[in-house]
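Asks: Provided below for reference: sequence and predicted model.
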Amino acid sequence: MPAPDTIVVSALPGDRRVAWLVDGVLVRYALDAGTDASGSASGQAGVRAGDTILGRVIRVHAGLAAAFIDIGDARAGFLMLHDGPARAEGGRRALAEGDRVLVQVTRAPEGSKGAKLSGRFRPEGQALALAAEAAAANTRPPAVLQRAPDAFKSALSECLHPGLTRVVVDDLASAAAVRAACPELSERIEIPLLGPPPFAAFGIAEQLEAALKPTLALPSGGALTISETPALVAVDVDAGATVAGDAAATALAVNLEAISALKAALNLRALGGHIVIDAVPMRGKHDREHVLAELRAAFAFEALQTDIGGFTRFGLIELTRARVGPSLRQQLGRACDPCGGSGIVLKPAVAAGDALRAAVAEARLSPGLAPVIAAPTPVIEALRRPMAAARVACEARLGRTIGLKETDAIGPACFRIEAA
C-alpha cells in the first residue's frame, strides 16, 4: 500500500474515521464506530485481532481437529489444534474440555462466526506471551490480558513516516483524539477554520462510494469486477474496449494493468481470504508466467501475507491473503438487494454518523441554516440513542440544535438535510 501524504480525521464520540490520501486519492479508510459487521459490540469493547486472551476450552471437536474456546464473546473462538499451545494445562499434550488456554486473536469475529485464535506466539511476541502467562496465573477465564490497538489508533500509527505532511482534522476535539492516540503526529495537525469540514472538502464520501462499486474501470477501457461472497472473493477481468495490438497482446496488457487496480482495491476494501481471479484468457505460457511474476512482485512487501497460488487447470488465478477482520463493506453495512448488490445499505449508526457530518457541512456553508436530518426511523433512533453524544458534539460545534425528522419516503439508511 502506498504511504499516504495526507490523512483526514473526523472524530465524534462513538464514531471515529480516518482516511488515507495519496495525491488526493483515497487509498485506505478506517472506521471505529463501536460495532462489528453483525452490529455487535466491537471497537472499544469487543474482541479485536491481536488481543491476547486467557480462555477456557468449551469443546474439543475431533472431526475438525479444533477446539471451541470461551473468550468472553457471545461467539466462541475457534482454535485449530495444530495452532494450539505446545502443552495443554497440566503439561498434557492434548487440550481437554475445561482447560485454561492462552490465545491470541488472529481474526476478529464476523457475523455469526467467532474469532479465529492461535496459541502459538511468533518470536516477536514471546515477551508478550510470557507477561500474559504471568498475568494469567491468578486470573479466572475468560479474561482479556492484553488489548490490541483499536482501528483508529492503528490507522494513525501505521502511517508514521517522513512523507506524511498533513493531518487534517475537523476541530479541536478531533485534534485531541489524534494527539491522544498517536502523539508523534501532533506537529502535523491542521484545523481548517473556513470552508466545509475536511471530509467534505476532500470528497471522502464520494470517493468511498465510487471505490466500493463492484465494477472498477481500468484506464485502457477494461474493467475489474469484484464480488464478495462468504466463501471467497471473486475477481473478473474484462478487456472491454481495450486494443493493444493482437488478441494475445491485448489480453496481456489488460491483465497486467489489472494488477495495480486489484492491489489498491483489496487494500481499500480490506479484503482477504481465498481470492480467485478470472483473468482475460492467455494461451501463451510466457504471458501467464509474466502475469504471475508481476502479481508476486506487487504483493511481495505487503503488510498482510499474500500467497500467489498460480493458474488452475481452468485458467483461474488463485491467491490467499491474510484476513484479520470484516471487510470495509461489512463494516459499513450490507449489499443492497434492490440494486443487485451494486450499492451498500449502511448500518443505522454509520448512516447517522454520515448524516451528522453532512449537517455540519451544510451549516458551515450556510451560517444561518438550522439543519434538520430527515431519515428513516432506524437512523433517527440511532441519532437519539447510541449516537446521541455525537449529535451533541456536532451541535456544540455549530452552536445550534440539529433537528431530527422521521420519514420513510427515502431509502433505508439514507438521509437528507433540510432547513428548519
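Replies: Received, thanks.
Asks: pull the distance from stretch 286-296 to the chain's centre.
Replies: Its chain's C-alpha centre and that of stretch 286-296 lie 29 Å apart, by C-alpha atoms, centre = their mean, to the nearest Å.
Asks: quick check: buried residues in that stretch?
Replies: Neighbour counts using 16 or more other C-beta atoms under 10 Å place D287, R288, V291, L292, L295 of stretch 286-296 among the buried residues. For the C-beta atoms, the positions are set from N, CA and C on the backbone; glycine is no exception.
Asks: which residues does it contact?
Replies: 248, 251-252, 255-256, 259, 279, 282, 308, 310-311, 317, 319 (C-beta atoms under 8 Å, 6 or more residues apart in numbering).
Asks: rounded mean pLDDT for it, please.
Replies: Averaging pLDDT along stretch 286-296 yields 96.
Asks: ok, stretch 380-389 next?
Replies: For stretch 380-389, the per-residue pLDDT averages 95.
Asks: for stretch 167-179, same thing?
Replies: 93.
Asks: can you start the count at 53 instead of 1 from here on
Replies: Taking 53 as the first residue, the last one we looked at is stretch 219-231.
Asks: ok so, going back, out of the buried residues of stretch 338-348, which one sits closest to R321?
Replies: The nearest member of those to R321, counting by C-beta to C-beta, is L347 at 17.7 Å.
Asks: nearest to A126, of the buried residues of stretch 338-348?
Replies: L347 (38.9 Å).
Asks: where does that closest one fall, secondary structure wise?
Replies: Assigned by DSSP states H and E, L347 belongs to helix 337-351.
Asks: name the helices or strands packed onto whatever helix or strand comes next after that helix?
Replies: Next along the chain after helix 337-351, taking DSSP H and E as the criterion, comes strand 358-363. Applying 3 or more C-beta pairs under 8 Å, 6 or more residues apart in numbering; DSSP states H and E, one finds that strand 358-363 makes contact with helix 337-351, strand 369-373.
Asks: quick one: closest of the ones you listed to A442.
Replies: Between those, strand 369-373 lies closest to A442; by C-beta to C-beta that is 33.3 Å.
Asks: partner strands of whichever helix or strand R111 is part of, with direction?
Replies: Element membership for R111, per DSSP H and E: strand 104-113. Strand pairing for strand 104-113, using DSSP bridges, gives strand 118-122 (antiparallel), strand 152-159 (antiparallel), strand 195-198 (antiparallel).
Asks: okay, now the unreliable bits of the protein?
Replies: Counting by pLDDT under 70, the ranges of the chain that qualify are 53, 86-97, 142-145, 174-180, 389-394.
Asks: neighbours around V157, how many?
Replies: 25 (other C-beta atoms under 10 Å).
Asks: oh sorry, the question was meant for K337
Replies: Residues near K337, counting by other C-beta under 10 Å: 9.
Asks: ok, it to A300 distance?
Replies: Counting by C-beta to C-beta, to the nearest Å, the gap between K337 and A300 amounts to 12 Å.
Asks: and the one residue sitting closest to the centre of the chain, what is it in contact with?
Replies: Closest to where the C-alpha atoms of the chain average out (C-alpha atoms, centre = their mean) is L380, at 4.0 Å. If a contact means C-beta under 8 Å, 6+ apart, then L380 has Y81, L83, L264, L320, R321, A322 as its contacts.
Asks: so how far is A55 from it?
Replies: 19 Å.
Asks: quick one, longest helix in the protein?
Replies: Counting by DSSP state H, the longest helix found in the chain is helix 299-321.
Asks: buried residues in that helix, which are they?
Replies: So, applying 16+ other C-beta under 10 Å, buried residues of helix 299-321: 302-311, 313-321.
Asks: could you give the angle of the helix holding L347 to strand 358-363?
Replies: Orientation of helix 337-351 against strand 358-363 (axes from the mean of the first three to the mean of the last three C-alpha atoms, to 10 degrees) gives an angle of 170 degrees.
Asks: from A262, how far off is the nearest residue to G367 once chain neighbours are set aside?
Replies: Spatial nearest neighbour of G367, chain neighbours left out: P333 (5.9 Å); criterion: C-beta to C-beta, 6 or more residues apart in numbering. From P333 across to A262, the span is 29 Å (C-beta to C-beta).
Asks: what's the answer for A128, then?
Replies: 39 Å.
Asks: what about the two, which has more around it?
Replies: A128 (20 against 12).
Asks: CA atoms of stretch 330-346 as PDB?
Replies: Extracted as PDB, the C-alpha positions of stretch 330-346 are listed here (Å, rounded to 0.1, in the frame of the first residue of the first chain):
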ATOM      1  CA  ASP A 330     -10.800 -14.800 -13.800                       C
ATOM      2  CA  ALA A 331      -8.200 -13.100 -16.000                       C
ATOM      3  CA  VAL A 332      -8.500 -12.400 -19.700                       C
ATOM      4  CA  PRO A 333      -7.600 -15.800 -21.300                       C
ATOM      5  CA  MET A 334      -3.900 -16.100 -22.300                       C
ATOM      6  CA  ARG A 335      -2.700 -19.100 -24.300                       C
ATOM      7  CA  GLY A 336       1.000 -18.300 -24.200                       C
ATOM      8  CA  LYS A 337       2.900 -19.900 -21.300                       C
ATOM      9  CA  HIS A 338       5.300 -17.000 -21.300                       C
ATOM     10  CA  ASP A 339       2.500 -14.500 -20.900                       C
ATOM     11  CA  ARG A 340       1.000 -16.400 -18.000                       C
ATOM     12  CA  GLU A 341       4.300 -16.500 -16.200                       C
ATOM     13  CA  HIS A 342       4.800 -12.800 -16.800                       C
ATOM     14  CA  VAL A 343       1.500 -12.000 -15.200                       C
ATOM     15  CA  LEU A 344       2.200 -14.300 -12.200                       C
ATOM     16  CA  ALA A 345       5.700 -12.700 -11.800                       C
ATOM     17  CA  GLU A 346       4.200  -9.200 -11.800                       C
END
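Asks: now do the strands in the stretch 353-472 of the chain.
Replies: 358-363, 369-373, 385-387, 396-398, 423-427, 455-458, 468-471 (DSSP state E, counting those that start in this stretch).
Asks: save these as TSV, and put in mean neighbour count and distance to F254 too.
Replies: Listed next are the strands of the stretch 353-472 of the chain as TSV, based on neighbours: other C-beta atoms under 10 Å; distance: least, C-beta to C-beta, whole Å:
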stretch	mean neighbour count	distance to F254
strand 358-363	16	29
strand 369-373	18	28
strand 385-387	16	22
strand 396-398	20	20
strand 423-427	23	21
strand 455-458	14	27
strand 468-471	15	19
